[in-house]
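[1] build me a model:
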Amino acid sequence: MDEKKKKYGLVPVQEFSDIFADPFSLFRASQIDKFFNDGFAVPRIDLQDNGDSFKVNAEMPGLEKKDIKLKVTEDEVIIRAERYDEKEESGKNFYKKERSSSGYYRTLRLPEPVVADSSKASYKNGILSIDIKKANDKKSREIKIE
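    Presented below is the predicted three-dimensional model:
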């Protein structure tokens, strides 16, 4: 969608017809993320199932570790990053002050419950890597029949 259409809130015909074909599509996480992510980029994510754990890699170049906020719940990963820059220059006949901001936001629903407290994350070369152990709810016990 070009910037002019986006600025005036114009919706492409295909997106508009999708709403009528599936009215609940507005409430899906990806659609909600699109609505609330105005001004934020959505990082590309790889989700790898390692049997007893998940590994999530999110591409988020241009940030420092301190810019990233990460939350893991029993069934989702929430990534939010914001960066603000301010530059000021002055000389004999001029004064210039520039401000910019950028960020990322993404909610990823996990396919199985996880143990949030066991999560570990690192950020290197623009890639946020998160290791999360799956919940071991597959315990069984013998039940006495009365």
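[2] okay, CA-based contacts and neighbour counts for the rest of this
    Noted.
[3] residue 117 - that's part of a helix, no?
    Yes - counting by DSSP: H, G, I helix; E, B strand; the rest coil, residue 117 is located in a helix.
[4] ok, residue 126 to residue 117 distance?
    According to C-alpha to C-alpha, to the nearest Å, residue 126 and residue 117 sit 24 Å apart.
[5] what of residue 70?
    Relative to residue 117, and taking C-alpha to C-alpha, residue 70 is found at 12 Å.
[6] same check, this time on residue 63
    25 Å.
[7] okay, these two: which has more neighbours?
    Per other C-alpha atoms under 10 Å, whichever of residue 63 and residue 117 has more neighbours is residue 63, with 19 against 11.
[8] could you list the domains of the chain?
    Following automatic domain parsing, one gets these domains for the chain: 1-36, 39-133.
[9] helices along this structure, start to end?
    Assigned by DSSP state H, the helices in the chain fall at 3-7, 13-21, 29-36.
[10] pretty sure residue 60 is touching residue 129, no?
    No - the criterion here is C-alpha atoms under 8 Å, and residue 60 misses it with residue 129 at 10.4 Å.
[11] of the two, who's got more company?
    Taking neighbours as other C-alpha under 10 Å, residue 60 and residue 129 compare with residue 60 leading, 23 against 17.
[12] and the residue nearest to residue 45 when sequence neighbours are not counted, how far from residue 101?
    Nearest residue to residue 45, sequence neighbours excluded (C-alpha to C-alpha, 6 or more residues apart in numbering): residue 58, at 4.5 Å. As for residue 58, its distance to residue 101 is 20 Å (criterion: C-alpha to C-alpha).
[13] and residue 67, by the same measure?
    For residue 67, the distance to residue 101 (C-alpha to C-alpha) stands at 11 Å.
[14] check residue 118 too.
    Noted for residue 118: a distance of 32 Å to residue 101, by C-alpha to C-alpha.
[15] also residue 129?
    23 Å.
[16] ok, now residue 109?
    For residue 109, the distance to residue 101 - C-alpha to C-alpha - is 27 Å.
[17] neighbour count winner among those two?
    More neighbours surround residue 109 than the other of residue 109 and residue 101, with 14 against 11 (other C-alpha under 10 Å).
[18] hey, what's the more buried one bridged with?
    Judged by DSSP bridges, the bridge partners of residue 109 are residue 76.
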